[in-house]
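Enquirer: Any chance you could fold what I've pasted below:
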Amino acid sequence: MNLLCAWADSCSPLNIFANPTKDKLMQRLENVDAHNYYTHLIANKQRASITCGYAGQHKGKAIYATDAFEPGDRIWSEFPFVAMQHQENKPNIQCCALCFIPLVDARVEWERAHNSAEASIAFADTNHDSLATFSELEKTIEYVRGVKVRNSEEILKHDFLTALDNAVVCEQCGEVYCSNNCQTIAYWEYHSLCCSYSLRNDSAMGRFKEHSIAINEIFLLAAKVVANVVLLYLKHSDLEKARFAVDQFHKLDWWDVVVSEEDVRDSGQTMEEYKASFRDLISQTFACFQAGLEENLETLFRVEREQYSSITSVDEVCSACEDILNVDFFAKIVGMFEMNSISMEIDHPLQALNAELQEMSNLENEAKNRVARTLELASASTSSTSSSSEERSLREENFCLDKKPLPGPFIGVEGTALFSLICTMNHSCLPNCIVVYGHNGEAHVHAIQAIQPKDELCIEYIDTDRSYDERQYELREYHFRCQCMKCMREECAGDSE
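Expert: Residues are numbered from 1 along each chain as shown. Below is the predicted model of the structure:
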């Protein structure tokens, strides 16, 4: 929380979002079903003092505060509508495929941190006596829990080091979960229709998975969404109800989101020719997915015979769901992710522990202090720049050959996520909110400016430290021109540097 407050303190104290006309700007959503949907979503968020309204034709839907907030306040928390870990991040750290809590071997992770800390000490020609043992790490975790309980703070509902040994693995495809509960939820939400049913991916869905990893992993997210809609249809026999949550997101065709005039110019093709190549690719992709989906529906109806006894055939389901089982819908779902999803960054468990220890730096506990020092040294070892000293370089090379500390012992979970409420927030180059993650995929929205009731809550979609022209250029992929006070001021001043 201190980091959030430090950032907030560095911002202008003026509430740039105060607007005498904000009563007129915050309008009720005209669509009654949409209004009820967002009202229900918000009601399920404990103490979430927010509402969803209409901000005019330029912005569309927006999230507004209904209470005042100070910098650092948590406004609400939310689990993703759908998310995934990046493929390139998976070799660095494993996590639950549903809640995304990191799954680690505690001793291995501590050894990595310890080795990196030793390397840092070796470079400084000091001894290793101040480094903590694994036993002290375990005692420190219990100490942190005890402090939080005594201070009547939120009791930690998780272990800092969730054991990989206790993970639950899908026997069919190898997908990993932190618990039987997460595996069961995933099965009924999407996995029963997205499972490759093959550790070697030699099934129809396995081939779709390999195709997506090679071309664009966003295809895997789109598959999750479509599978979820189909499963909801099987549950309710109502396609409109099944797809309603998805329909609330703004969607354009994939090629309309990602294709730029510069790309077309460089290709030597016309705009239509260039977009046609994307249409062809998405058609091939959907054909792969549909083959896997139909194969998995057959498996689902066979395995869950009692659950789906009234279903006569896969063709019956595909026909009833034809409005979402087509190339056009799939292309819009992919475009939806390109436009609306945000990054998911979950700290490595030891990094999260280190942050907690920094919050308790004024408390004296020998084991805690040694663990904190070890983690700080490990972090310094991997983030510091190389010395120009030949002696230091040689010492580093010899040490690494001996201990082999992995580069970056604190690599966390990285991925992409789509949230029903968070992704409804609009962009501002002077945001009043920030999104941060805790120990899993649950995201937390915090205030970084003083916020008054009826103020619109905004986040930044891009790097807002860039020049006016650079910001407007980057925002083109979101298909709007920012008209926040910062942009209006710089545009009027002609500050385009």
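
Enquirer: Strands of the chain, start to end?
Expert: 50-54, 61-65, 74-78, 82-85, 94-95, 102-103, 168-169, 176-177, 342-346, 413-418, 426-427, 433-437, 443-447, 458-459 (DSSP state E).

Enquirer: who's the residue positioned nearest the centre of the chain bridged to?
Expert: Among the residues of the chain, the one closest to the centroid is Met344, at 2.3 Å (Cα atoms, centre = their mean). Under DSSP bridges, the beta-bridge partners of Met344 are Gly415.

Enquirer: List the residues that contact it.
Expert: Met344 is in contact with Pro80, Ala83, Gln85, Phe100, Val413, Glu414, Gly415, Thr416, Ala417, Tyr437, Gly441, Ala443, counting by Cβ atoms under 8 Å, 6 or more residues apart in numbering. (Each C-beta comes from the backbone N, C-alpha and C, glycine too.)

Enquirer: Give me the pLDDT for the spatially closest residue to the third one that is not a sequence neighbour.
Expert: Read that as Gln85. Ranked by Cβ to Cβ, 6 or more residues apart in numbering and with sequence neighbours excluded, the top spatial neighbour of Gln85 is Gly415, at 4.3 Å. Per-residue confidence (pLDDT) for Gly415: 98.

Enquirer: Which residues are in contact with Gly415?
Expert: Contact analysis of Gly415 by Cβ under 8 Å, 6+ apart lists Ala83, Met84, Gln85, His86, Asn89, Phe100, Ser343, Met344.

Enquirer: and which of those is nearest Ala117?
Expert: Of all the contacts of Gly415, Ala117 sits closest to Asn89, with 23.8 Å by Cβ to Cβ.

Enquirer: what about the closest residue to the closest one other than its chain neighbours, how many neighbours?
Expert: Leaving aside its chain neighbours, Asn89 sits nearest to Glu414 (4.3 Å; criterion: Cβ to Cβ, 6+ apart). Using other Cβ atoms under 10 Å, Glu414 has 17 other residues around it.

Enquirer: do the same with His479
Expert: 11.

Enquirer: Where does the prediction get shaky in the protein?
Expert: Residues of the chain that meet the criterion pLDDT under 70 lie in 1-26, 123-129, 151-159, 381-408, 495-497.

Enquirer: what's the single longest helix in it?
Expert: Criterion DSSP state H: the longest helix present in the chain is helix 271-303.

Enquirer: helices or strands up against it?
Expert: Helix 271-303 makes packing contacts with helix 192-194, helix 204-215, helix 218-236, helix 254-258, helix 261-267, helix 314-320, helix 327-340 when contacts are defined by 3 or more Cβ pairs under 8 Å, 6 or more residues apart in numbering; DSSP states H and E.

Enquirer: what comes up buried for the third one?
Expert: What it means is helix 218-236. 218-234 (16 or more other Cβ atoms under 10 Å).

Enquirer: go on, the shortest one?
Expert: Across helix 192-194, burial judged by 16+ other Cβ under 10 Å covers Ser192, Leu193, Cys194.

Enquirer: Thought Tyr233 was touching the second one, still the case?
Expert: Just to be clear, that refers to Leu193. No: between Leu193 and Tyr233 there is no contact under Cβ atoms under 8 Å: 11.3 Å.

Enquirer: one step back: can you put the contacts of Gly415 in CSV and add distance to Glu210?
Expert: Formatted as CSV, the contacts of Gly415 follow (distance: Cβ to Cβ, whole Å):
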residue, distance to Glu210
Ala83, 21
Met84, 16
Gln85, 17
His86, 16
Asn89, 18
Phe100, 23
Ser343, 25
Met344, 23
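
Enquirer: and those residues, which are buried?
Expert: Neighbour counting by 16+ other Cβ under 10 Å classes Ala83, Met84, Gln85, Asn89, Phe100, Met344 among those as buried.

Enquirer: Going by distance to Ala242, which of those residues wins?
Expert: For these, the residue nearest Ala242 by Cβ to Cβ is Ala83; the value is 19.8 Å.

Enquirer: If we ignore the residues flanking it in sequence, what's nearest that closest one?
Expert: Going by Cβ to Cβ, 6+ apart, Ala83 has Ala417 as its nearest residue, at 3.7 Å.

Enquirer: Could you pull up the contacting residues of that neighbour?
Expert: The contact partners of Ala417, by Cβ under 8 Å, 6+ apart, come to Pro80, Val82, Ala83, Met84, Ser341, Ile342, Ser343, Met344, Gly441, Ala443.

Enquirer: redo that, cut-off 6 Å
Expert: Ala417 is in contact with Pro80, Ala83, Met344, counting by Cβ atoms under 6 Å, 6 or more residues apart in numbering.

Enquirer: Now do the same contact list for Ser77.
Expert: Glu442, His444 are the contacts of Ser77 under Cβ under 6 Å, 6+ apart.

Enquirer: ok, it to Leu421 distance?
Expert: 10 Å (Cβ to Cβ, to the nearest Å).

Enquirer: again, but for Ala320
Expert: 30 Å.

Enquirer: Check Phe278 too.
Expert: Phe278 sits 30 Å away from Leu421, going by Cβ to Cβ.

Enquirer: repeat for Glu477
Expert: Taking Cβ to Cβ, one finds Glu477 at 22 Å from Leu421.

Enquirer: out of these two, which sits in the busier spot?
Expert: Taking neighbours as other Cβ under 10 Å, Glu477 and Leu421 compare with Leu421 leading, 20 against 15.

Enquirer: List the contacts of that one.
Expert: Counting by Cβ under 6 Å, 6+ apart, Leu421 makes contact with Glu78.

Enquirer: Start the count at 439 instead of 1 going forward.
Expert: All right, first residue 439 from here; so that's Leu859.

Enquirer: Please tell me how far it sits from Val663.
Expert: Separation of Leu859 from Val663 (Cβ to Cβ): 17 Å.

Enquirer: again, but for Asn792
Expert: Distance from Asn792 to Val663, by Cβ to Cβ: 36 Å.

Enquirer: what do you get for Arg919?
Expert: Counting by Cβ to Cβ - Arg919 and Val663 are separated by 29 Å.

Enquirer: Who are the contact partners of Leu467?
Expert: Contact partners of Leu467, counting by Cβ under 6 Å, 6+ apart, are His473, Tyr492.

Enquirer: Fine by me, thanks again.
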